[in-house]
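>>> Provided below are the primary sequence and the corresponding predicted coordinates.
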Amino acid sequence: MNIVRRLAQFEFARFAVIGTLAFFVDTFVLYGALAVGLGFYAGRAVSYLVAVTFTWYGNRRITFADSRAYGAAAVAAEWLKFVVTNLLGGAANYAMYALLVANVGIVRAWPVLGVAAGSLVGMTLNFTLSKFVVFRGGKRA
């Protein structure tokens, strides 16, 4: 195994750890949204936005620290690019969640299962887009 492949594995591991933490953030916010009456779908949209922001911040600070943007405008643009490019993974994530909530009784009773399944589906797409679109290249001043 060459050094590039090893480094990529560690990078993916860091990405996965941040994604796992985001799963807990996502779930916590979803259950809070459900508690205040937002419902399964609107609550999930809110929880996703909070989780994607958490994930962007964690990945810019830890996973792709050597490739992050600097300066207020560049950071805002990076966040926006992260959110937009990860909509594909987010759409796959949400679609899996919605499909399971609508069709599987245990997932409707325990929405966290739908969040978990959606998170797994979106992770590979999000890593690829983050690595090759949002955080590509070296440090940018």
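Yep, it's here.

>>> just how off-centre is the helix or strand where Val101 lies within its chain?
Using DSSP states H and E, Val101 sits in helix 87-103. Centre-to-centre, helix 87-103 and its host chain are 13 Å apart (Cα atoms, centre = their mean, to the nearest Å).

>>> so for it, mean pLDDT?
Helix 87-103 shows a mean pLDDT of 92.

>>> just the CA trace of that helix, in PDB.
Output in PDB follows, covering the C-alpha atoms of helix 87-103 (Å, rounded to 0.1, in the frame of the first residue of the first chain):
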ATOM      1  CA  LEU A  87     -26.800  18.700  -1.400                       C
ATOM      2  CA  LEU A  88     -26.400  15.600  -3.500                       C
ATOM      3  CA  GLY A  89     -25.400  13.500  -0.500                       C
ATOM      4  CA  GLY A  90     -28.000  15.400   1.600                       C
ATOM      5  CA  ALA A  91     -30.700  14.500  -1.000                       C
ATOM      6  CA  ALA A  92     -29.700  10.900  -0.900                       C
ATOM      7  CA  ASN A  93     -29.600  11.000   2.900                       C
ATOM      8  CA  TYR A  94     -33.000  12.600   3.100                       C
ATOM      9  CA  ALA A  95     -34.600  10.300   0.500                       C
ATOM     10  CA  MET A  96     -33.500   7.200   2.400                       C
ATOM     11  CA  TYR A  97     -34.800   8.700   5.600                       C
ATOM     12  CA  ALA A  98     -38.200   9.700   4.000                       C
ATOM     13  CA  LEU A  99     -38.500   6.300   2.300                       C
ATOM     14  CA  LEU A 100     -37.900   4.400   5.500                       C
ATOM     15  CA  VAL A 101     -40.200   6.700   7.700                       C
ATOM     16  CA  ALA A 102     -43.000   6.300   5.200                       C
ATOM     17  CA  ASN A 103     -42.700   2.500   4.700                       C
END
